[in-house]
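Engineer: Pasted the sequence and its predicted model underneath.
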Amino acid sequence: MGRKEIHGNWKKVISNIKDIFDFREVLGSGSFSQVFLVREKKTGNFYALKCVKKKLLHHSNLENEITVLRKIKHSNVIGLHDFYETRTHFYLVMELVSGGELFDRIIDRGMYTEKDASDVIRQVLEAVSYLHQTGIVHRDLKPENLLYYSPDKNAKIMISDFGLSKMSDNSVMSTRCGTPGYVAPEVLAQKPYNKAVDCWSIGVVTYILLSGYPPFYEENETKLFSKIMKAEYAFHSPYWDEISESAKDFIRSMMEKNPNKRYTTEQALSHPWIIGETARSHDIHESVCEQIQRNFVQSRWKKAFNAATAISHMKKLQLAHDEPPLCPMGAVPDIEVEDVSYPMPPNSHLEGSKGLCPLKPSFTEPNHALVVTETGKHAYHSEPDLPCTKIATNRIGQPLRTLICSLM
């Protein structure tokens, strides 16, 4: 297959990218790209620079990602600042965010309430509503792709990773893609779908933010997908006993099996739990964090709760799942999480891989939930001469994982 070019008069063609930027540190490496922390020489501003070799372009989703990012301008979406081309590479200059990932921040809080969860979901809904109005479906919404803009206490939420996003123009889609635990029933059922799939994913994220564990869990892929397609989930006691009925109603409305009856982002933004009328303010930090640490434990929760993927550069991708047995009703799922933070061969796959409905995984940040061959640092350290780059740390002084843009 020949080299695939990206056309457009908005590109800046240069001979050497180092004439524009000082390279400070490698933030991560993917199958098709590398991301660097850079400082623009002219302005002194810091960015995340995503570098893609042209000879690898036909393997990546770069063209789609650029098409989407160029159309987006929203305060809760990580933006594309600039785009450069040299003889051998394309370079995406991405907005730099340094506040860490959603789960890290929740664990690090001294107090966490329904109101806090509601505020996070409200920001996500506002951003996704904007995307839908712009004709974009994200198709891979999950906690890993929700970041804090800065370490500040009241930092805003940012949505990242548009590698699987689609310009829909209100039309239906059919490509099976996403992260299994967050994907809507109609996608797994191999039916045509629309932007309602994003609303389902937001419902799953809300469930996790209020409990610390996922709504769907099974010992194998077939049973897992069957549960999702039937929308079989429950609010287990005692973990949901103190959660408001309004919050549960919101989740039911977002995780409605029938996409035609499922809440839209506009309807969701008007729900009492989102606008602050009914979200409770009592502290649920201890119970939620206990389950997050059990099911998505620190750097190892990247496997997510039900899937790992083996990546092949040249062949169609297959998903692999290796989960413990279903817990009895009323018991919280104790989900084993496999550490996938180490490199694996590009063509390897995990034992027991079976494909009920192959999904196209997202190529995102290092150690992504579905990418077991992505390697690289998932956080970077501040330097004495970087006064404007403040990096979030947890209670014991470890830097929080920082996502800057999607890796492929």
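Structural biologist: Okay, I see it. Numbers count the residues shown, from 1 in each chain.

Engineer: Show me the shaky parts of the stretch 201-350 of the chain.
Structural biologist: Regions of the stretch 201-350 of the chain meeting the criterion pLDDT under 70 cover residues 297-350.

Engineer: Report the contact partners of H271.
Structural biologist: By CB atoms under 8 Å, 6 or more residues apart in numbering, the residues touching H271 are S246, D249, F250, S253, Y263. (Glycine included, C-beta is placed from N, CA and C.)

Engineer: that's a helix at the first one, yeah?
Structural biologist: Yes: checked against DSSP: H, G, I helix; E, B strand; the rest coil, S246 lies within a helix.

Engineer: so it makes contact with G276?
Structural biologist: No: using CB atoms under 8 Å, S246 is not in contact with G276; the gap is 10.7 Å.

Engineer: who has more neighbours, the two?
Structural biologist: Neighbour comparison, S246 and G276: the larger count goes to S246, with 18 against 11 (by other CB atoms under 10 Å).

Engineer: Name the nearest residue to the more buried one, ignoring sequence neighbours.
Structural biologist: The spatial neighbour of S246 that comes closest, neighbours along the chain excluded (CB to CB, 6 or more residues apart in numbering), is T278 at 3.6 Å.

Engineer: Show me where the protein has its helices.
Structural biologist: Counting by DSSP state H, the chain has these helices, from start to end: 62-69, 102-108, 114-133, 185-188, 196-211, 221-230, 245-254, 265-269, 285-295.

Engineer: export those to JSON lines and tack on distance to L37?
Structural biologist: Supplementary listing: the helices of the chain in JSON lines, determined by distance: least, CB to CB, whole Å:
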{"stretch": "helix 62-69", "distance to L37": "19"}
{"stretch": "helix 102-108", "distance to L37": "19"}
{"stretch": "helix 114-133", "distance to L37": "24"}
{"stretch": "helix 185-188", "distance to L37": "35"}
{"stretch": "helix 196-211", "distance to L37": "28"}
{"stretch": "helix 221-230", "distance to L37": "38"}
{"stretch": "helix 245-254", "distance to L37": "36"}
{"stretch": "helix 265-269", "distance to L37": "33"}
{"stretch": "helix 285-295", "distance to L37": "28"}
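
Engineer: for these, which one ends up most surrounded?
Structural biologist: Sort those by mean neighbour count, taking mean count of other CB atoms under 10 Å, and helix 196-211 sits at the top with a mean of 25.

Engineer: so what does that one touch, helix or strand wise?
Structural biologist: Under the contact criterion of 3 or more CB pairs under 8 Å, 6 or more residues apart in numbering; DSSP states H and E, helix 196-211 touches helix 114-133, helix 185-188, helix 245-254, helix 265-269, helix 285-295.

Engineer: could those helices go into JSON lines alongside distance to E101?
Structural biologist: Conversion of those to JSON lines gives the following (distance: least, CB to CB, whole Å):
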{"stretch": "helix 114-133", "distance to E101": "12"}
{"stretch": "helix 185-188", "distance to E101": "24"}
{"stretch": "helix 245-254", "distance to E101": "22"}
{"stretch": "helix 265-269", "distance to E101": "23"}
{"stretch": "helix 285-295", "distance to E101": "11"}
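
Engineer: so which of the ones you listed comes closest to I78?
Structural biologist: If you check each of those against I78 by CB to CB, helix 114-133 wins as the nearest, at 10.1 Å.

Engineer: Residues contacting that closest one, please?
Structural biologist: Taking CB under 8 Å, 6+ apart as the criterion, the residues outside helix 114-133 that touch it are 72, 74, 76-77, 102, 109, 137-138, 141, 146, 156-157, 159, 165, 195, 198-199, 202, 205-206, 209-210, 243-244, 247, 264-266, 268-269, 273-276, 279-282, 284.

Engineer: Who does F36 form a beta bridge with?
Structural biologist: With DSSP bridges applied, the residues forming beta bridges to F36 are V26, L49.

Engineer: ok so, going back, go through the contacts of H271 and say which is closest to M94.
Structural biologist: Nearest to M94 among these is Y263, at 31.0 Å by CB to CB.

Engineer: which residues does that closest one contact?
Structural biologist: Y263 sits next to C199, S253, M254, E256, H271 when contact means CB under 8 Å, 6+ apart.
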